[in-house]
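Undergrad: okay, here's the prediction I keep looking at, along with the sequence it came from:
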Amino acid sequence: MSNRFLLMGQDADLINRLERLSKQASWSFDRVTTPTGLVVELEHEQPAGVWWDLGAATLDTAIATMTLIRPQVQGPITIFTTKMTDRIQRKLYQARVDDVIAFPFDDRVLRALIAQRTWLYQHMQAQMPKAPAKATAAQVITIGSWQVDQQNYQVKKAGSLVELTPKEFQLLSYLIAHRNQVLSRDQLVNGVWGYDILNTSRIVDIHISHLRDKLEDDPHYPVHLLTIRGFGYKLAE
């Protein structure tokens, strides 16, 4: 199983300490510097866990982002903060983070804590039964040369399999469910991500661009994933 984590933060001291700790524990981590960057990165990688420096964003932004990503992060979420209060802890735990760590902290205790949390998530995932599902004809939807298998989460273009991230597939499925309708960016983010997040337009635009790159014959002149200027997007059959 993966031992690669994802860090959102810019504090040099925290980065150095986590680098030393990771080296000792045979872990590694990628770093992003914005909440939006974290959300986008999670579409391409399922990390062993998420580390978040509260000094790099406001508490409200942290809570909004945690609520957004919690369903898709299959590992522990650890928050680091220089200011520990009952209110901060209460709100973050309500957003389903696993641990709130205050500076200064003991590296050895932190290493043991993260190892225990990671083991617990991996152990629980290993115990979950996996039942293969079969698609029926009604669950395979055709849009032009695309075939979207919503039961098995597969997309084919002209018979060739196209690799989509989970969120790209969810966005495509949402557009299919509302095909030929104009949807605003707010409608898309609420329907797909399920939460009002910052930089909404950027998140939606990035994922639409990725879908066009993978599915349209010419991403610059899309036939199905259309931009309706001043309103949003539409999936045209």
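TA: It's in. Residues are numbered from 1 along each chain as shown.

Undergrad: what mean pLDDT does stretch 8-16 get?
TA: The average pLDDT for stretch 8-16 rounds to 94.

Undergrad: flag every buried residue along that stretch.
TA: Neighbour counts over stretch 8-16 (16 or more other Cβ atoms under 10 Å) mark 8-9, 11, 14-15 as buried. The way it works is simple: take the backbone N, C-alpha and C, and place the C-beta from them, glycine included.

Undergrad: redo those residues as a markdown table? Include distance to residue 48 and secondary structure.
TA: As requested, these are exported to a markdown table (distance: Cβ to Cβ, whole Å; DSSP: H, G, I helix; E, B strand; the rest coil):
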| residue | distance to residue 48 | secondary structure |
| --- | --- | --- |
| 8 | 15 | strand |
| 9 | 17 | coil |
| 11 | 21 | coil |
| 14 | 18 | helix |
| 15 | 17 | helix |
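
Undergrad: distance to residue 104 added to these, as CSV?
TA: As requested, the buried residues of stretch 8-16 are exported to CSV (distance: Cβ to Cβ, whole Å):
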residue, distance to residue 104
8, 20
9, 16
11, 13
14, 11
15, 16
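
Undergrad: and which of these is nearest to residue 102?
TA: Distance to residue 102, by Cβ to Cβ, is smallest for residue 14 among the buried residues of stretch 8-16, at 12.2 Å.

Undergrad: list the contacts for that closest one?
TA: 53, 80 (Cβ atoms under 8 Å, 6 or more residues apart in numbering).

Undergrad: for residue 155, see how far away it is.
TA: Applying Cβ to Cβ, to the nearest Å, the value for residue 14 to residue 155 is 39 Å.

Undergrad: from what I can see residue 52 touches residue 81, true?
TA: No. Residue 52 is beyond contact range of residue 81, at 9.2 Å (criterion: Cβ atoms under 8 Å).

Undergrad: and the two? which has more neighbours close in?
TA: In this view residue 52 and residue 81 are compared by other Cβ atoms under 10 Å, and residue 52 has more residues nearby, 25 against 19.

Undergrad: what does the model give that one for pLDDT?
TA: 96.

Undergrad: do the one 4 residues further on as well
TA: At residue 56, the predicted lDDT confidence score is 92.

Undergrad: name the nearest residue to it, ignoring sequence neighbours.
TA: residue 9 (4.7 Å; Cβ to Cβ, 6 or more residues apart in numbering).

Undergrad: now residue 50
TA: The nearest residue in space to residue 50 (Cβ to Cβ, 6+ apart) is residue 77, at 4.7 Å.

Undergrad: you'd agree the one you found is up against residue 71?
TA: No. Between residue 77 and residue 71 there is no contact under Cβ under 8 Å: 11.6 Å.

Undergrad: ok, those two, which is more surrounded?
TA: residue 77 (22 against 11).

Undergrad: contacts only, for that one.
TA: Here residue 77 is in contact with 49-50, 52, 66, 69-70, 96-99 (Cβ under 8 Å, 6+ apart).

Undergrad: now do the same contact list for the most centrally placed residue in the chain.
TA: Centroid-nearest residue in the chain: residue 42, 3.6 Å away (criterion: Cα atoms, centre = their mean). Going by Cβ under 8 Å, 6+ apart, residue 42 touches 6, 69, 72-73, 167.

Undergrad: quick check on the residues you listed: which are buried?
TA: 6, 69, 73, 167.

Undergrad: mind pulling up the pLDDT for residue 134?
TA: For residue 134, pLDDT reads 53.

Undergrad: going forward, count from 660.
TA: Sure, I'll start counting at 660 from here, so that last one is residue 793.

Undergrad: thinking again about what came up before, out of the contacts of residue 736, list just those in strands.
TA: Members of those lying in strands (criterion: DSSP state E): 709, 711, 758.

Undergrad: alright, I will stop here.
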